[in-house]
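**Student:** Attaching a predicted model along with its sequence, questions to come.
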Amino acid sequence: MNQSDVTATGSQMQIPFIATGSYPLRNGNMIRPLVDSGPAFRRICEAVEAARHSVWLTVTFMAPDFQMPDGRGSLFDVLDRAAARGLDVRVIFWRPNPESS
């Protein structure tokens, strides 16, 4: 991709979808980046609670005593409930360096 592939729409830059690749495009998958704060954590809980087959999550940093919004408990509580429903639950935790621990 080069600079001419990127177009400006309002104040946001739009990058076109990939037309080819080593794997074929598949319908039904969605990735939506969410950034810290109550609405993001609430949406994560809603997505985990609505999942029907699997939950795959990447966590960059996590405080052990952090509680999810609306009385849902910790992240592990949310994931434990999904696993108890028979879902395939997988998590990748980013290991912080000692300076950020």
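**Tutor:** The structure has been received and is ready for your questions.

**Student:** how about the strands in the chain?
**Tutor:** If DSSP state E is used as the criterion, the strands of the chain fall at 7-9, 12-14, 54-59, 88-93.

**Student:** Throw these into JSON lines and include mean pLDDT and mean neighbour count, thanks.
**Tutor:** C-betas here are computed from N, CA, C, even on glycine. Listed next are those as JSON lines, based on pLDDT from 0 to 100; neighbours: other Cβ atoms under 10 Å:
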{"stretch": "strand 7-9", "mean pLDDT": "54", "mean neighbour count": "8"}
{"stretch": "strand 12-14", "mean pLDDT": "68", "mean neighbour count": "9"}
{"stretch": "strand 54-59", "mean pLDDT": "91", "mean neighbour count": "13"}
{"stretch": "strand 88-93", "mean pLDDT": "93", "mean neighbour count": "12"}
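
**Student:** Turn the ones you listed into CSV, columns for distance to P39.
**Tutor:** Shown next, in CSV, are the strands of the chain (distance: least, Cβ to Cβ, whole Å):
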stretch, distance to P39
strand 7-9, 24
strand 12-14, 19
strand 54-59, 17
strand 88-93, 21
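
**Student:** Would you tell me which of the ones you listed gets closest to F76?
**Tutor:** strand 88-93 (9.2 Å; Cβ to Cβ).

**Student:** Can you tell me which helices and strands the closest one packs against?
**Tutor:** Strand 88-93 sits against strand 54-59, helix 75-84, with contacts defined as 3 or more Cβ pairs under 8 Å, 6 or more residues apart in numbering; DSSP states H and E.

**Student:** how about those in a markdown table, adding distance to E46?
**Tutor:** A markdown table is the format used below for the helices and strands packed on strand 88-93 (distance: least, Cβ to Cβ, whole Å):
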| stretch | distance to E46 |
| --- | --- |
| strand 54-59 | 12 |
| helix 75-84 | 10 |
